[in-house]
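Q: I'll drop the sequence and a predicted model, then ask my questions.
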Amino acid sequence: MADVVIGLDLGTGGVRAIAVDLQGKPIAQTTRSYPLLTPQPGWTEQNPADWVAASLEALSDLTQKLNGHSATALGLSGQMHGMVPLDADGKVIRAAILWNDQRTGTAVDAIETAIGRQELIQRTGNPAITGFQLPKVVWLQTAEPQAYDRLQQILLPKDYLGYVLTGEAVTEPSDASGTGCLNLARQWDADILNALEIDVGLFPAVVESTAIAGRLKSEIASRTGLPAGLPVVAGGGDNAAAAIGLGISSSHLNRGSLSIGTSGVIFVPCDRPVPDPEGRVHLFCHADGGYHLLGVTLAAGGALRWYKDTFASKLAFTDLMEMAERSLPGARGVLFLPHLAGERSPYLDPDTRGAWVNLSLAHTQADLVRAVLEGVAFSLRTAMEIVSEITPVHQLLATGGGARSNTWLRILADILQAELMAPSSEEGAAYGAAILAMVGVGAHPDLEAAFEILPQDNKVVQPQANPAYEAAFKRYSLLYEALKAVR
Ligand SMILES: Nc1ncnc2c1ncn2[C@@H]1O[C@H](COP(=O)(O)OP(=O)(O)O)[C@@H](O)[C@H]1O
Ligand SMILES: O=C(CO)[C@@H](O)[C@H](O)COP(=O)(O)O
């Protein structure tokens, strides 16, 4: 039977593992979920042990579905910006703090005071941002000094999993650039770290995204059914990996991606590092050696999951989509500000919160849930307008759990006024991780060659003009400032 390559994405809601043959065809996939911990308002954490258990279960389950195919490599992707603190024995010191945690506002102020906002943007592409890893390290220094004193290594979520799988601790530029202390030359910025009295030795070596990070340990092989010594490729942060899986690279400009995961993301590749001077959207390294801009809505799919868990726990996401169809474009006047976890683009405000406005006795659940879908789209349109000031984008390939819904894709296309292309099978970042691994082990000579095997059967959603959305977007754009007064 043919060889396959495995891609594993350590997402926020759970892990997805996929086996892909060398012609790009998905052969099997598995998922496992794990809990999101919120020990205090605005805090989000996960236990790395839960990631490891779920990943090993998913890999073992996947191995049993290979039907004679043999795995020849494993590529990694995962949620960005998390902090996994390890002691001298490589043991986890405390729960991981995640990308959408908002406890580090004071640390952000301290970093910008020490370095300067514009200096940070010029060096790293971004200002200090609460969800990034560096503010978490600064927070640990003062809030948990005993833990900080034990610190010997700081890893990102997917890189911690790679460390467990191979014993090697490395990272790669697309994820590392989301820490806030990797400079645009793809090196840890010693000046920034020295100014904050943080030892640069705490951070792992940076290898290329297609580099072999290590080889599967025999104890992991016995627990998963994968071969000992299997090459594990460094991979990419979830958005860069998802973009690679869609063939989005710095050598094909004006074609970006739209991811509706827990977060909502507009990803636009660029061939040179041009930051937003106000830092309203991110500039990160891409997994192809180039760069990309990223507009982020922190609670996108996460806002819909919140709605489901809070108001409709017995319904499936598909039921909620049908419900939204029973309302009208513009949600019959109801607006939703999706700032349930604070917000990144464009406000960089950890303290902003979500809201429904313009409710009346005539409104129904259908209007409320549609307003959530439209509010996420309005938020992403705000980010896309900023990204387009720097590099125009005409086409977006859609990925993430939300891209499974034709209802949400239609709303997104009409509000973003962009042509959306959705792959027939929504594999997301895990698929891109498999593509990176194929290049890493030489199954394809480079990414351009690997892009030739990507599925082309995308569903196209052309934007339709809708005055209701244009009027609603004008009102939506006033909400953030209007609601500041009532916090
Ligand atoms: N059938 C669906 N229709 C609409 N939205 C969906 C559907 N399935 C999942 N979602 C949305 O996708 C989100 C999960 O997307 P995913 O890419 O798996 O997230 P993550 O990588 O953050 O774990 C869910 O929170 C939900 O909001
Ligand atoms: O913070 C960002 C990007 O800057 C998020 O994209 C996280 O990487 C989480 O991704 P999802 O779990 O929402 O896919």
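A: It's in. Ligands and ions are numbered 1, 2, ... in the order given.
Q: in contact with whichever residue of the chain sits closest to ligand 2, which residues?
A: The chain approaches ligand 2 most closely through Gly261 (2.9 Å), counting by Cβ to the nearest ligand atom. Yep, even glycine has a C-beta here, placed from its N, CA and C like the rest. Gly261 sits next to Gly11, Thr12, Gly13, Asp238, Ala300, Gly301, Gly400, Gly401, Gly402, Gly428 when contact means Cβ atoms under 8 Å, 6 or more residues apart in numbering.
Q: let me know the closest of the residues you listed to ligand 1.
A: When those are compared against ligand 1 (criterion: Cβ to the nearest ligand atom), the nearest one is Gly401, at 2.2 Å.
Q: so what's the residue count around Gly178?
A: Other residues within reach of Gly178 by the criterion other Cβ atoms under 10 Å amount to 30.
Q: in the protein, which helix is the longest?
A: In the chain, taking DSSP state H as the definition, the longest helix is helix 365-390.
Q: do the helix or strand that comes right after that helix and ligand 1 meet at all?
A: Counting by DSSP states H and E, the element after helix 365-390 in chain order, helix or strand, is strand 395-399. No - judged by Cβ under 6 Å from any ligand atom, strand 395-399 and ligand 1 are separated, with a smallest distance of 7.4 Å.
Q: would you mind measuring from the residue of the chain closest to ligand 2 to His252?
A: Gly261 sits 23 Å away from His252 when distances are taken as Cβ to Cβ, to the nearest Å.
Q: sorry, back to before: out of the contacts of Gly261, which is most surrounded?
A: Busiest of these [other Cβ under 10 Å] is Asp238, holding 34 neighbours.
Q: excluding chain neighbours, give the residue nearest to it in space.
A: Excluding its sequence neighbours, the residue lying closest to Asp238 (Cβ to Cβ, 6 or more residues apart in numbering) is Ala429, at 4.2 Å.
Q: what does Ala362 give?
A: Arg332 (7.6 Å).
Q: check Leu320 too.
A: Nearest residue to Leu320 in three dimensions, chain neighbours excluded: Val369, at 5.3 Å (Cβ to Cβ, 6+ apart).
Q: I'd say the one you found and Glu322 touch.
A: No - applying Cβ atoms under 8 Å, one finds Val369 not in contact with Glu322, separated by 9.9 Å.
Q: okay, those two: which has more neighbours?
A: Val369 (28 against 13).
Q: which ones are touching that one?
A: Counting by Cβ under 8 Å, 6+ apart, the residues that Val369 touches are Leu304, Tyr307, Ala312, Leu320, Met323, Ala324, Ser327.
Q: the second one: neighbour count?
A: It stands for Tyr307. Neighbours of Tyr307 (other Cβ under 10 Å): 21.
Q: now swap in the fifth one and tell me
A: Counted with other Cβ under 10 Å, the burial measure for Met323 works out to 19 neighbours.
Q: tell me if I am right that it is in a helix.
A: Yes - counting by DSSP: H, G, I helix; E, B strand; the rest coil, Met323 falls inside a helix.
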